[in-house]
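Q: Predicted structure and sequence below. I'll ask about it afterward.
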Amino acid sequence: MRRSPAWEPDDVDFEAPSVARMYDYYLGGSHNFAVDRALADQSIKAWPDLPHLARANRFFLHRAVKFLGEAGIDQFLDLGSGIPVGGNVHEIARTFTQASRTMYVDVDPVAVAHGKALLNDAPDARILQADLRDPANILTHPVVTGYLDFSRPVGVLMVSVLPWVPDSDDPARIVAAYREACAPGSYVAISHGTGDYRPDTTGGVQRIYKQTTTPGTFRSKAQITELLAGYELVSPGLVDVIHWRPDPDTPDPLDGDVTRYSMYAAVGALI
C-alpha cells in the first residue's frame with residue numbers, strides 16, 4: 001500500500017507529472033513524486049543544463065524582489081509561485097519593511113499545501129490555490145482583495161510561469177489584466193524560456209513537457225517583448241536572465257554562456 005507523505009494533499013493526482021514539482025526536483029527539493037522525477041530526468045537528458053537554468057531563474061527572482069523592495073514596493077503578488085524553497089519572496093521583502101505583504105498564487109495543490117504549512121506562522125504572507133490564467137477570479141478573490149491594496153503600488157511576479165500559458169489562452173491578455181488592476185508605480189517581473197538560441201534542444205524539451213498537466217511554450221525575444229506592452233522596462237531591459245543586474249558574488253557554472261540558459265528576464269514599471 002502506498003504511503004502518502006505528510007505534505008501530500010488528499011486531492012493530488014500523483015500519476016500526472018507536474019511542472020511545479022519537476023521544478024522543485026531541478027532545485028534539489030523533496031516535494032515531488034516518482035512520476036515527476038522520471039519526466040524531469042528525461043528533460044535533463046535532452047537539456048542537461050536545466051538544473052542550472054532553474055537556479056539562475058531563482059536567483060533572478062531574488063534580485064528582482066530586492067530591486068522592488070529598494071524601489072519602495074511592499075506588496076507582492078507572486079503568480080505561479082511554485083513549491084516554497086529557500087529565499088522566498090516574503091522573506092526577502094521583510095528585510096526592507098516588516099509591513100510587507102506577499103500573496104502567493106499557484107494552481108498546484110502540493111505547492112499550496114506546502115505553502116500553507118510554511119506560512120502558518122508568517123503574518124506577512126498568504127497563499128491561494130488558483131489558476132493565474134483566470135485573472136478575474138484572482139483579482140476579485142476575497143483572500144486577495146482582503147490582503148493586498150490595489151490602490152497602492154504592487155509588485156507582480158510572473159517568474160517562469162508564462163511559458164506554461166499556451167497561445168490559445170492569450171498570455172498578452174492575461175498580463176494586461178493584471179497590469180490594468182495595478183496602480184501607477186507598480187512593477188512586473190517576468191522571466192521566460194526561449195528557443196532563440198537552441199531551437200532543437202528547447203523543442204525537444206517542449207515535446208517532453210506535453211506529458212505534464214501544463215505543456216510549455218518557448219517564445220522569442222520579440223514575442224516576450226509584446227507581453228510587456230504597457231510597461232516601461234527598467235535598465236537593462238529585456239535581457240538574458242544572467243545579465244539582469246547580476247550579483248558579482250553569485251558563481252556562474254555555465255561561464256556566461258547565455259545559449260545554455262536560453263531564458264530572458266525583465267522588470268517593467270507602470271508609469
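A: Ah, there it is.
Q: the strands in this structure, which residues?
A: Listed in chain order, the strands of the chain (DSSP state E) span 75-79, 101-106, 125-129, 155-159, 187-193, 232-233, 239-240, 263-269.
Q: Relative to Pro166, which of these is closest?
A: strand 187-193 (13.5 Å; C-beta to C-beta). (C-beta placed from N, C-alpha, C; glycine too.)
Q: Let me know the average pLDDT across the closest one.
A: Strand 187-193 shows a mean pLDDT of 98.
Q: Same question for stretch 160-176.
A: 97.
Q: Just the buried positions in that stretch, please.
A: Applying a neighbour-count criterion of 16 or more other C-beta atoms under 10 Å, one finds Ser160, Val161, Leu162, Pro163, Trp164, Val165, Pro171, Ala172, Ile174, Val175 buried in stretch 160-176.
Q: which ones are touching the last one?
A: The one in question is Val175. Met158, Leu162, Val188, Ile190, Leu227, Leu228, Ala229 (C-beta atoms under 8 Å, 6 or more residues apart in numbering).
Q: From Gly155, how far out is it?
A: 14 Å (C-beta to C-beta, to the nearest Å).
Q: Ends of stretch 202-220, what's the gap?
A: Taking C-alpha to C-alpha, to the nearest Å, the first and last residues of stretch 202-220 lie 12 Å apart.
Q: Apologies, that question was intended for stretch 168-186.
A: Where stretch 168-186 begins and where it ends lie 27 Å apart, using C-alpha to C-alpha.
Q: just stretch 129-144 next, same as before
A: Using C-alpha to C-alpha, the two ends of stretch 129-144 sit 11 Å apart.
Q: Ok, stretch 132-151 next?
A: 20 Å.
Q: do the same with stretch 78-95
A: 17 Å.
Q: buried stuff in it?
A: 78-85, 88-94.
Q: and the two most separated of the residues you listed?
A: Most distant of those, by C-beta to C-beta, are Gly80 and Arg94, 21.5 Å apart.
Q: from what I can see Ser100 touches Phe76, true?
A: Yes. Between Ser100 and Phe76 there is a contact at 7.3 Å, judged by C-beta atoms under 8 Å.
Q: Identify the contacts common to those two.
A: What both Ser100 and Phe76 touch, as defined by C-beta under 8 Å, 6+ apart, is the set His90, Ala93.
Q: Show me which of those two is the more surrounded one.
A: Counted by other C-beta atoms under 10 Å, Ser100 and Phe76 do not tie: Phe76 has more neighbours, with 27 against 22.
Q: Thought Lys66 was touching that one, still the case?
A: No. Counting by C-beta under 8 Å, Phe76 stays clear of Lys66, with 11.9 Å between them.
Q: Can you show me the helices along the chain?
A: Here the chain has its helices, by DSSP state H, at 19-26, 34-46, 50-70, 89-93, 109-118, 135-140, 142-145, 171-181, 199-208, 221-227, 258-261.
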